[in-house]
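> A predicted structure for the sequence below; I have some questions about it.
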Amino acid sequence: MSTGVLSIIIVVSILILLGSGMYISISLAFVGLIIFQLLIPGMTKIIGNVLYNTVANFTLTAIPMFLFMGEIILATGIIKSLYDGISKWVSPFPGGLIHSNIFSCSFFAAISGSSVATAAAMGSIAIPEQKSRKYPIKLITGSLAAGGTLGILIPPSTTMIIYGAMTGQSVGKLFVAGMLPGILMALMFMIYIVVFSIINKKNMPKLERIGIVEYSKRFIYAFKEIWPILLVLFTIFFGIYGGIMTPTEAAAISVVEVLIISFIFGKLSYEVIKVAAQKALKTTAMIMFITIGAQIMGNAISMIKLPAHLCSLVENSGMSRTGVLLTIIAIYIILGCLMDALSAIIITLPITYPLMVTTLNFDPIWYGIILVILNQVGLITPPVGVNSFIIHGLSGEKNIWTTFQGIIPFFLLMCVVIILIILYPEIVLYLPSTMN
């Protein structure tokens with residue numbers, strides 16, 4: 001059987017199983033087991049080792065801790081203080097409170113690692129306030145849906161942890177590599193908001209007029225509401241960047257920080273810890289089952305040498321490195337429109353990673369950040385854009401296309417960031433190159 005036909009059969013099988021409503025993890029594992037049974041029956045004995053090695057991967061232990069930390073912050077209401085503090089900073093500027101959507105999402109994303117949690121948390125706080133002040137609904141929903149995606153680019157990121165675990169790359173370097181692209185994307189979002197606000201001045205609330213001295217006092221005062229998040233962010237980034245902590249250690253220490261901060265504010269209770277732990281455990285279990293299924297399938301297709309054959313086909317096709325890269329990007333954007341973005345990456349990584357890194361010599365850290373951004377795109381593009389549906393549900397609008405229309409400019413800005421990273425890889429690679 002030719003490589004192309006086998007690849008099509010595997011992809012179609014997975015899509016049929018997913019379309020039937022079967023869980024993603026079971027679909028992947030089922031396809032992998034069928035490959036083992038039909039094509040390499042003598043190797044089914046390694047499946048037990050695959051299961052154990054996946055679950056016992058120390059790198060993945062950071063995931064439940066980061067998720068637990070984010071759930072504690074949500075449950076204690078610290079996130080509301082973050083939004084209120086940032087609103088004091090940005091309200092006098094063109095775009096007003098809309099900037100707080102991007103700012104707040106960036107800060108919360110930097111400690112939660114979850115785009116869905118970021119979008120849901122900030123949307124529930126920001127939408128009622130901004131609708132009452134008559135901000136354009138498209139701008140509200142678009143900025144929140146796009147801002148929520150920063151949760152998988154600005155570290156910590158569960159997607160980066162899984163990528164590092166599956167490819168053997170340093171999660172610490174991936175975290176640091178995502179910082180500059182994340183800041184760049186947030187700045188581009190905010191510049192767009194300023195331009196939109198100036199062009200559509202008549203449809204925006206009047207700007208708050210405030211003197212420099214008064215604004216300076218307000219700016220400093222707002223730190224009282226923001227400092228807990230800044231402290232945790234400082235611990236995670238500089239602890240990893242300075243080589244003081246591994247990502248897992250940074251996650252553990254940050255959890256302790258959040259618990260202490262919550263206790264100081266009088267918001268910590270047994271019920272809060274219980275609910276946060278249950279939610280973090282549920283999400284972690286989902287991620288682990290998907291990863292296990294993907295590893296079973298990945299080992300199966302590796303043992304039948306499918307990735308190697310595909311790499312050989314690309315080498316002999318005469319297509320340039322850039323052409324292959326653009327093709328891969330287009331495939332991931334399409335997949336993001338059809339299925340959960342993280343699942344799409346986990347499913348395809350065993351095939352695309354050897355092609356892009358081993359055969360075409362793209363930097364593995366750089367390629368990982370490209371995949372994370374493509375994951376972001378999948379979170380807002382219809383018909384499976386999870387963030388878009390969350391924000392639409394919170395907005396109370398009847399027509400979901402209102403939300404999607406608001407997302408289009410932010411989608412285009414994400415594409416611009418991808419282009420900039422392709423043209424200037426240093427945006428991704430500079431900070432990791434300076435690490436100890």
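Structure's in. What do you need?

> how many neighbours does Ile98 have?
Per other C-beta atoms under 10 Å, the neighbour tally for Ile98 reads 29. (Glycine included, C-beta is placed from N, CA and C.)

> Look up how far Ile373 lies from it.
According to C-beta to C-beta, to the nearest Å, Ile98 and Ile373 sit 22 Å apart.

> got a list of contacts for whichever strand or helix holds Pro432?
Per DSSP states H and E: Pro432 is located in helix 426-433. With contacts defined as C-beta atoms under 8 Å, 6 or more residues apart in numbering, helix 426-433 is touched by 170, 173, 176-181, 184, 241, 363, 365-366, 369, 420-421.

> Recalculate using a threshold of 6 Å.
Residues from elsewhere that reach helix 426-433 (C-beta atoms under 6 Å, 6 or more residues apart in numbering): Lys173, Val176, Ala177, Leu180, Pro181, Ile365, Trp366, Ile369, Ile421.

> Just the ones of the residues you listed in helices?
Applying DSSP state H to the contacts of helix 426-433, the entries found in helices are Lys173, Val176, Ala177, Leu180, Pro181, Ile365, Trp366, Ile369, Ile421.

> Got the confidence number for the second one?
Same thing as Val176. Predicted confidence (pLDDT) for Val176: 90.

> Of the contacts of helix 426-433, which is the most crowded?
With neighbours taken as other C-beta under 10 Å, the top of those is Ala177, carrying 29 neighbours.

> any idea how far it is from Ile154?
From Ala177 to Ile154 the distance is 11 Å (C-beta to C-beta).

> Ser143 contacts Asn101, doesn't it?
Yes: contact criterion C-beta atoms under 6 Å: Ser143 and Asn101 qualify, at 4.3 Å.

> Mind listing what's buried along the host helix or strand of Ala121?
Per DSSP H and E, Ala121 falls inside helix 115-132. If you call a residue buried by 16 or more other C-beta atoms under 10 Å, then helix 115-132 has these buried ones: 115-127, 130.

> average pLDDT for the strand or helix carrying Pro228?
Per DSSP H and E, Pro228 falls inside helix 212-241. Averaged across helix 212-241, pLDDT comes to 83.

> and the next helix or strand after that helix, C-alpha only, in PDB?
On the C-terminal side of helix 212-241, the nearest following helix or strand under DSSP H and E is helix 247-264. C-alpha atoms of helix 247-264 as PDB (Å, rounded to 0.1, in the frame of the first residue of the first chain):
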ATOM      1  CA  PRO A 247       8.800  24.900  34.600                       C
ATOM      2  CA  THR A 248       7.500  22.300  37.000                       C
ATOM      3  CA  GLU A 249       9.200  24.000  40.000                       C
ATOM      4  CA  ALA A 250       7.900  27.400  38.900                       C
ATOM      5  CA  ALA A 251       4.400  25.900  38.700                       C
ATOM      6  CA  ALA A 252       4.700  24.500  42.200                       C
ATOM      7  CA  ILE A 253       6.100  27.700  43.700                       C
ATOM      8  CA  SER A 254       3.500  29.800  42.000                       C
ATOM      9  CA  VAL A 255       0.600  27.700  43.400                       C
ATOM     10  CA  VAL A 256       2.000  28.300  46.900                       C
ATOM     11  CA  GLU A 257       2.200  32.000  46.100                       C
ATOM     12  CA  VAL A 258      -1.400  32.100  44.900                       C
ATOM     13  CA  LEU A 259      -2.600  30.200  48.000                       C
ATOM     14  CA  ILE A 260      -0.800  32.600  50.300                       C
ATOM     15  CA  ILE A 261      -2.100  35.600  48.500                       C
ATOM     16  CA  SER A 262      -5.600  34.300  48.600                       C
ATOM     17  CA  PHE A 263      -5.200  33.600  52.400                       C
ATOM     18  CA  ILE A 264      -3.900  37.200  52.900                       C
END
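
> Report the buried residues of helix 247-264.
Neighbour count says helix 247-264 has 247-248, 250-255, 257-259, 261-262 buried, by 16+ other C-beta under 10 Å.

> can you check stretch 318-332 too?
Within stretch 318-332, judged by 16+ other C-beta under 10 Å, the buried ones are Val324, Leu325, Ile328, Ile329, Tyr332.

> do stretch 87-100 as well
87-91, 93-100.

> Tell me which entries of those lie within helices.
Per DSSP H, the buried residues of stretch 87-100 map to helices at Ser87, Lys88, Trp89, Val90, Ile98, His99, Ser100.

> Tell me how far the second one lies from Lys224.
Distance, Lys88 to Lys224, using C-beta to C-beta: 10 Å.

> The fifth one now?
Plainly put, Ile98 is 23 Å away from Lys224 if you go by C-beta to C-beta.

> How about the first one?
Here the criterion is C-beta to C-beta. By it, Ser87 lies 14 Å from Lys224.

> same check, this time on Met160
From Met160 over to Lys224 (counting by C-beta to C-beta), the distance is 32 Å.

> The two - which one has more neighbours?
Shown here are Met160 and Lys224; by other C-beta under 10 Å, Met160 has more neighbours (29 against 10).

> if I pick the more buried one, what's in contact with it?
Going by C-beta under 6 Å, 6+ apart, the list of residues near Met160 reads Leu174.

> So for stretch 425-434, what gets flagged as buried?
Buried, per 16+ other C-beta under 10 Å, within stretch 425-434: Pro425, Ile427, Val428, Leu429, Leu431, Pro432.

> of all those, which two lie farthest apart?
Spanning the widest gap among those are Pro425 and Leu431, at 12.2 Å by C-beta to C-beta.

> between the buried residues of stretch 425-434, which is nearest Leu268?
Of the buried residues of stretch 425-434, the one sitting nearest to Leu268 (C-beta to C-beta) turns out to be Leu431, at 34.2 Å.

> now the closest one: how far from Ala109?
For Leu431, the distance to Ala109 (C-beta to C-beta) stands at 17 Å.

> Verify the contact between Leu17 and Ile26 for me.
No: using C-beta under 6 Å, Leu17 is not in contact with Ile26; the gap is 7.8 Å.

> So the two - more neighbours on which side?
Leu17 (17 against 14).

> Show me what secondary structure element comes after the helix or strand containing that one.
Per DSSP H and E, Leu17 falls inside helix 3-19. Going down the chain from helix 3-19, the next helix or strand is helix 24-39, by DSSP H and E.

> Pull out the buried residues from that next one.
Ile24, Ser25, Ser27, Leu28, Ala29, Phe30, Val31, Gly32, Leu33, Ile35, Phe36.

> what's the spacing between Lys88 and Val194?
Taking C-beta to C-beta, one finds Lys88 at 18 Å from Val194.

> wait, I meant Leu335
Taking C-beta to C-beta, one finds Leu335 at 33 Å from Val194.
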